[in-house]
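Coordinates for the following, if possible.
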Amino acid sequence: MKEKIHYVIEAALAIAVLILFVLFFWGKPNTSKMKVADSDEKSATEIISLAYIDVESLMSNYTFFIDLNEQMAKEYKSESDRFAAQFNKFQKEVEEYKRLAETGSFFSRERQIASEQRLAMRQEELQKLEAKISQDFQEKQIRLTEIVRQTIYSQIQDYNNDKGYHFIFGKMNDNILLANESKDITAEVIDYLNKHYTPSLKEKIK
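Modelled structure (predicted):
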């Protein structure tokens, strides 16, 4: 049981980046469409302005996302330690029960049955606690990921007010087979996002 809670939460941490990638570049934002400067007034024959962002680099260097992962890791350790302490205590109680049963040290069959029932109830409580820790962690992960996603959408829209790109793509692995490095705006966007990472945003992940 103790190992299971580690696997569940570690797996959630491991897929956190992937979830954000999917939500950000393939999900539909709740915000308005990307603003394009004077796009409606431009000629239909004008060359479309394109740019792309290296998603992995963005997430590796965006302070907001780094802080989010650090916060989640701290909560993981706290919850894992709390569960481990309770589980270790339960294991000692089980070992004590086995010792008494093997040596015939129970004063009566009734006391042995009562001890078995108490241990069974405690095991059920620990299983419920394990499930709650996992559920709470996943729910908070989704909520915080959505905050980061919406923040990125909003700030890229503001960034694009001056740039006027028609499309900004997210480059991840080989989803874009060929890209001119002159169209890579990753460093600019990272710099813009980090400059707009305010204390009020940091408070949202606590």
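
Return the longest helix in this structure, judged by number of residues.
Using DSSP state H, we find that the single longest helix of the chain is helix 109-163.

Partner strands of the helix or strand that that one is followed by and their direction?
Next along the chain after helix 109-163, taking DSSP states H and E as the criterion, comes strand 167-171. Partners of strand 167-171 in the sheet, by DSSP bridges, are strand 50-54 (parallel).

for the partner strand, the distance to its chain's centre please.
Mean-position distance between strand 50-54 and its chain equals 24 Å (Cα atoms, centre = their mean, to the nearest Å).

Only alpha carbons, please: show it as PDB.
Extracted C-alpha coordinates of strand 50-54, given in PDB (Å, rounded to 0.1, in the frame of the first residue of the first chain):
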ATOM      1  CA  LEU A  50       4.100  32.800 -38.700                       C
ATOM      2  CA  ALA A  51       6.200  32.000 -35.600                       C
ATOM      3  CA  TYR A  52       6.700  29.000 -33.400                       C
ATOM      4  CA  ILE A  53       7.600  28.300 -29.800                       C
ATOM      5  CA  ASP A  54       9.600  25.300 -28.600                       C
END
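
That strand: what's the following helix or strand?
helix 55-61.

What are the buried residues along that following helix?
Under the neighbour-count criterion of 16 or more other Cβ atoms under 10 Å, helix 55-61 has 55, 57, 58, 59, 61 buried. Using the backbone N, CA and C atoms, a C-beta is placed for each residue, glycine as well.

now that helix: mean pLDDT?
For helix 55-61, mean pLDDT is 92.

How many neighbouring residues does residue 200 have?
7 (other Cβ atoms under 10 Å).

Check for me that it belongs to a strand.
No. Residue 200 sits outside any strand when classified using DSSP: H, G, I helix; E, B strand; the rest coil, being helix.

How far does the longest helix of the chain sit from its chain's centre?
Distance of helix 109-163 from its chain centroid, counting by Cα atoms, centre = their mean, is 11 Å.

got it, and stretch 88-98?
The answer for stretch 88-98 is 35 Å, by Cα atoms, centre = their mean.

mean confidence for that stretch?
Average pLDDT, stretch 88-98: 94.

Check residue 29 and give its pLDDT.
We note a pLDDT of 45 for residue 29 in this prediction.

Next, residue 205: phi, psi?
With angles defined as degrees, to the nearest 10, residue 205 sits at phi -90, psi 0.

what about it, distance to residue 182?
According to Cβ to Cβ, to the nearest Å, residue 205 stands 35 Å off from residue 182.

who's more crowded, those two?
Neighbour totals were compared for residue 205 and residue 182, and residue 205 leads with 18 against 7 (other Cβ under 10 Å).

re earlier: among the buried residues of helix 55-61, which one sits closest to residue 147?
The nearest member of these to residue 147, counting by Cβ to Cβ, is residue 59 at 14.4 Å.

Would you agree that closest one is in contact with residue 53?
No. Residue 59 is not in contact with residue 53 according to Cβ atoms under 8 Å; the separation is 10.2 Å.
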